[in-house]
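In: Need a 3D model of the sequence below.
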Amino acid sequence: MKKINLAITGCMGRMGQNLIKSAYKNKSFKIVTLTENKKLYKKISGIRPQINSLSAFKKTNVIIDFTVPKCTLEILNIAAKQKKRVVIGTTGFTKKEENLIRNFSKKIPILKAGNMSLGVNLLMYLTEIASKSLGNNFLSKIYEVHHKHKIDYPSGTALMLGKGIADGKKKNFYNLIGKKYLNKKNFPYAKKINFNSIRKGEVIGEHEVRFSSGKEIIKLNHESFDRALYSEGALVAASWLMSKKAGLYSMRDLLNFK
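Out: Below you'll find the predicted structure:
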């Protein structure tokens, strides 16, 4: 079977390093390109990292990107010119940037997910079902914990779960976003969705959705213990994307959740 030529951006980052390890273990892929935002002179796994450019991605079939929004949009601009597929695990996009990604997806296949874990995407699906079933009698809030190095908050996964709540109620997610707390011991329920983000230690990821009627509380939660589940999920996404036409896809499409 012919291998898929893979490009990994942000190769020196935490996810970049994990993607390299997972890709070398996966016989379906061949890493042909590694990129960083500055010139590096040492080789990584026998490959010299490059700056994002048309020449860097020339031999690539699919690009996996876990970087920052500015870098992701730069990569999408290059990918659109070369008709390359892109898997996006980057988080922290603004509403304007999300619209730019939708525009790029009219030209190329893009799979974008705030989290590549099967378990997290199942949690989002269950969150949507719970929100729909419980209706407006229950208020909701989202709690998440990540390592101290993570800059953006709430996490992309927390925002995914918030969107699950909004979708369950058939409401616009951006209109339901409430307050965004950082490192609070306690935070309130509200008519909108409040978020509390904890940054400590080397925690890989914990997420919890809570629904309360004032008389009872329902909790849905997920904990990650190994970062490899994200890189392996991204590779599954990259392989799946190879057969798709231009469009914006999610892990929900891959997993065929109705």
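In: going forward, measure contacts and count neighbours with C-alpha atoms only.
Out: Fine.
In: mind checking the end-to-end distance for stretch 168-186?
Out: Stretch 168-186 stretches 25 Å from its first residue to its last (Cα to Cα, to the nearest Å).
In: If you could redo that for stretch 209-217, that was the one I meant.
Out: 10 Å.
In: buried sites along that stretch?
Out: Within stretch 209-217, the residues that count as buried by 16 or more other Cα atoms under 10 Å are 209, 210, 211, 212.
In: Residue 36 against residue 53, yeah?
Out: No: contact between residue 36 and residue 53 fails when scored by Cα atoms under 8 Å: they sit 10.7 Å apart.
In: more neighbours, the two?
Out: residue 36 (19 against 14; other Cα atoms under 10 Å).
In: For the more buried one, give its distance to residue 238.
Out: Taking Cα to Cα, one finds residue 36 at 20 Å from residue 238.
In: Check residue 47 too.
Out: Taking Cα to Cα, one finds residue 47 at 20 Å from residue 238.
In: neighbour-wise, which of these two wins?
Out: Remark: of residue 47 and residue 238, residue 238 carries more neighbours, 24 against 13, as counted by other Cα under 10 Å.
In: Go through stretch 249-258 and flag the buried ones.
Out: 249, 250, 251.
In: Residue 139: what's it in contact with?
Out: 189, 190, 191, 192, 193, 211, 212, 213 (Cα atoms under 8 Å, 6 or more residues apart in numbering).
In: between those residues, which is nearest residue 221?
Out: The closest of the contacts of residue 139 to residue 221 turns out to be residue 211 (Cα to Cα; 11.7 Å).
In: Out of the buried residues of stretch 209-217, which comes closest to residue 81?
Out: residue 209 (40.0 Å).
In: Please enumerate the helices of the chain.
Out: Secondary structure of the chain (DSSP state H): helices at 14-25, 69-82, 95-104, 118-134, 156-168, 173-176, 228-241, 251-255.
In: for the ones you listed, which one sits closest to residue 201?
Out: helix 14-25 (14.8 Å).
In: Counting by contacts, list what the closest one packs against.
Out: Secondary-structure packing of helix 14-25 (3 or more Cα pairs under 8 Å, 6 or more residues apart in numbering; DSSP states H and E): strand 4-8, strand 29-34, helix 228-241.
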